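Undergrad: When you get a sec, could you give me coordinates for this:
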Amino acid sequence: MTYLSITFYLFVLAALLLYYILPLKYRWLVLLFGSILFYWQATGSRGAVAVILISILAAYGAGLLLERTKNKGILAAAVLLLILPWLCGKNGNYMLEVLLHRNPVEWIVPLGISFYTLQVISYLADVYRGRIEAQKNPAKFVLFVMFFPQIVQGPIPRYEKLAGQLYAGHSFDERMVVGGFYRILWGFFLKLMIADRAALYVDWVYDLDYEYVGCYVLMAGILYSIELYADFSACISISKGVANLFGIELADNFRHPYLAVSVQDFWHRWHISLSEWLKDYIYIPLGGSRKGKIRTYINLILTFLVSGIWHGAGLRFVVWGMMHAAYQIAGQLTQNLQRKAAKLSGLDRAPGTALWIRRVWTFLCVMLAWIIFRAESLRKGLLMIGSMFRVRNIWIFTNDALLGGVLDWKEWVVLAVSVLILFVVSLKQEQGVSFSELVFRQPVYVRWVIYLIAIFGVMTYGVYGMGYDAQAFIYGGF
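TA: The predicted model follows:
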C-alpha cells in the first residue's frame, strides 16, 4: 500500500467515513487502528512491525521514568536502544563489508525507521528537559509515533505540536478538506509529472556514467536536484493533504529551497523538520554559536556529520554532509569579501540582479553535493564532477544528443513545462500568494473545472500515462 495506489485512497476513504461517523472523543481510535493497519500492509513483515512496537514500548516506558527521575543515564540508555536498530539496519552491512570485511546479513529494517527514531528521541529529550509531560496512555503514544500519513517520510513531528491534534476529534471542516485535496493533487503533479520523468534521464546517465560525461553530467545534476525536491516534496504534500482530510495540520517541511540565497538559507528551507531537529538536539547542545567562531565551525561540522550518517551508509554521505558544512563555514568567513565584491561590481545598487546571482550560485553548490549524494560511490561521484570541468561537450544542448536517450522531444517539453509551472508557483508563493486560497474563493463549478483539468493533465501526461510505473519515493530509502 503506497501513497500512489488506489488501495491507499480506498483505505483513506473508509477511515474518513468511520472518523466522521464516530463521536468526537472516539475518533482518535480510528487513526490508531488505521495507522496500525496501514503499517502492517505497507511493510508486510511481522519482524518490522515487532521492531517498531518494541521501540515504541521502550520509549513509552522510558518517558514515564524520565518524567519522574530526570535521570540522564535512563535517557542515554533509551536513546542507545532506539539508535541500535537504525544503526544495524541502515549501516550494519556497510560496517560488516567495508570495515570488518565480513559477508552482509539481511537486517530487518522497519518502514520509516530513520524518521520515527528521531521523532521518539526528541520526545524523550523534551520529557527529560521538562518541556512536555510524558504520555500516560500507551495507545495514544503508539498513535503519535505511527500516525500513518507521516510515518513513511515525515515530516518529523514534535509531540507538543502533533499529539493534541491526534487525540482531539475534529469536526468536518470544508476548507481544511478542500485544502487537503489540493495538496494531494499537487503531490501527484510533482511526483508523476516531474520527479519520475526526470528520474528516467538521471538514471540513464548514472547507470552509464563511464559513457556520459561533461554536460550530460551537468544536466543530470540539475535534473536530479529537481527530481529529489519534487519527489520528496510530493510525498510531504500528500502526507499533509491526507492529514488535512482528518482536520490535522502537519508541519511544513519545505519552503522553496532552490530560491535560497546561501547554503545556510537552503537549510532553513530544505527538510525543515530534520534541520530543526539537528539544530535543537545536536547543534545547540554542542554549544551552537555561543562559544566562539572555532567552536561554532566544529559544531557545524559535527552536526552535518550526523546529517550525512543519517542519510545513508558510505563515505559519500559523509562527504556530502561535510560539503554543506564547508559551504557554510566558507560563507561566514567570506562575508566581508562578498560585500566588497558587490560594492566594486555595482551589484549593491542592483539588488534584484544580486539576488538571482546568489540564488543561482547556491543552487550550483547544492547541485554539486547532490551529484556525490546520488552516485553509487564517492569515487564515481568525484569522477562525474571532474568530467563536468574536463570534458567540453556543450554542443549536446544544440543538437539532438539529449533526444537519443530515454526521453524524446515531447517528454522533454512536458518536463520543461512542468518545471516551469513549479518555478512560477514557487516564486508567487515566495511573494505571499496562496493558490489554494485563490482556488477556494472561486464558485464551486469553477473549482471543479480546475480540479478536473489538473487530474486529466496528470493522468494524461504523467509517467503513469506514458506506461511507466511510479518509482518509490526516494526519501523512503533513508
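
Undergrad: Count the neighbours of residue 72 for me.
TA: By the measure other C-beta atoms under 10 Å, the count of residues near residue 72 is 10. C-beta: built from backbone N, CA, C; applies to glycine.

Undergrad: what pLDDT does it get?
TA: pLDDT, residue 72: 92.

Undergrad: excluding its backbone neighbours, what's nearest it?
TA: residue 128 (7.5 Å; C-beta to C-beta, 6 or more residues apart in numbering).

Undergrad: That neighbour is in contact with residue 75, isn't it?
TA: Yes: the pair residue 128 / residue 75 is scored as a contact, 4.9 Å apart, by C-beta atoms under 8 Å.

Undergrad: any residues in contact with both of the two?
TA: Each of residue 66 lies in contact with both residue 128 and residue 75 under the rule C-beta atoms under 8 Å, 6 or more residues apart in numbering.

Undergrad: next structured bit after the helix or strand residue 220 falls within?
TA: Residue 220 is located in helix 215-245, with elements delineated by DSSP states H and E. For helix 215-245, the following helix or strand on the C-terminal side (DSSP H and E) is helix 263-269.

Undergrad: Flag every buried residue along that next one.
TA: Buried residues in helix 263-269, defined by neighbour count with 16 or more other C-beta atoms under 10 Å: 263, 265-267, 269.

Undergrad: just stretch 22-33 next, same as before
TA: 27-32.

Undergrad: any chance of these in a markdown table, plus distance to residue 222?
TA: Output for the buried residues of stretch 22-33, formatted as a markdown table (distance: C-beta to C-beta, whole Å):
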| residue | distance to residue 222 |
| --- | --- |
| 27 | 45 |
| 28 | 45 |
| 29 | 47 |
| 30 | 44 |
| 31 | 40 |
| 32 | 43 |
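
Undergrad: Which of those residues fall in helices?
TA: Per DSSP state H, helices hold the following members of the buried residues of stretch 22-33: 27-32.

Undergrad: still on that earlier bit, which two of the buried residues of stretch 22-33 have the greatest separation?
TA: 27 and 32 (9.9 Å; C-beta to C-beta).

Undergrad: Give the intersection of the neighbour lists for the two.
TA: By C-beta under 8 Å, 6+ apart, no residue touches both residue 27 and residue 32.

Undergrad: For residue 165, give me the pLDDT.
TA: Residue 165 carries a pLDDT value of 94.

Undergrad: burial measure for it, as a count.
TA: Residue 165 has 18 nearby residues by other C-beta under 10 Å.

Undergrad: same check, this time on residue 8
TA: Neighbours of residue 8 (other C-beta under 10 Å): 18.

Undergrad: Just the CA trace of the host helix or strand of residue 445, in PDB.
TA: Element membership for residue 445 (DSSP H and E) is helix 444-461. Listed next in PDB are the C-alpha coordinates belonging to helix 444-461 (Å, rounded to 0.1, in the frame of the first residue of the first chain):
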ATOM      1  CA  VAL A 444     -17.900  25.500  -6.900                       C
ATOM      2  CA  TYR A 445     -18.200  24.800 -10.600                       C
ATOM      3  CA  VAL A 446     -15.100  26.800 -11.400                       C
ATOM      4  CA  ARG A 447     -13.100  24.900  -8.700                       C
ATOM      5  CA  TRP A 448     -14.200  21.500 -10.100                       C
ATOM      6  CA  VAL A 449     -13.300  22.500 -13.600                       C
ATOM      7  CA  ILE A 450      -9.800  23.400 -12.300                       C
ATOM      8  CA  TYR A 451      -9.600  20.100 -10.400                       C
ATOM      9  CA  LEU A 452     -10.700  18.100 -13.400                       C
ATOM     10  CA  ILE A 453      -8.300  19.800 -15.800                       C
ATOM     11  CA  ALA A 454      -5.500  19.100 -13.300                       C
ATOM     12  CA  ILE A 455      -6.500  15.500 -12.800                       C
ATOM     13  CA  PHE A 456      -6.800  15.000 -16.600                       C
ATOM     14  CA  GLY A 457      -3.400  16.600 -17.200                       C
ATOM     15  CA  VAL A 458      -1.600  14.400 -14.700                       C
ATOM     16  CA  MET A 459      -3.300  11.200 -15.900                       C
ATOM     17  CA  THR A 460      -2.600  12.000 -19.500                       C
ATOM     18  CA  TYR A 461       0.900  13.400 -19.300                       C
END
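
Undergrad: any idea which element the residue nearest to residue 72 lies in?
TA: helix 113-129.

Undergrad: Give me the next element, helix or strand, following that helix.
TA: For helix 113-129, the following helix or strand on the C-terminal side (DSSP H and E) is helix 138-146.

Undergrad: So which elements touch that following helix?
TA: Packing contacts for helix 138-146, counted by 3 or more C-beta pairs under 8 Å, 6 or more residues apart in numbering; DSSP states H and E, involve helix 27-43, helix 46-69, helix 113-129, helix 159-167.

Undergrad: For residue 142, find the nearest of these.
TA: Comparing the helices and strands packed on helix 138-146 under C-beta to C-beta, the one sitting nearest is helix 46-69, at 5.6 Å.

Undergrad: quick revisit: same list, the helices and strands packed on helix 138-146, but as CSV with distance to residue 244 please.
TA: Listed next are these as CSV, based on distance: least, C-beta to C-beta, whole Å:
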stretch, distance to residue 244
helix 27-43, 13
helix 46-69, 25
helix 113-129, 19
helix 159-167, 11
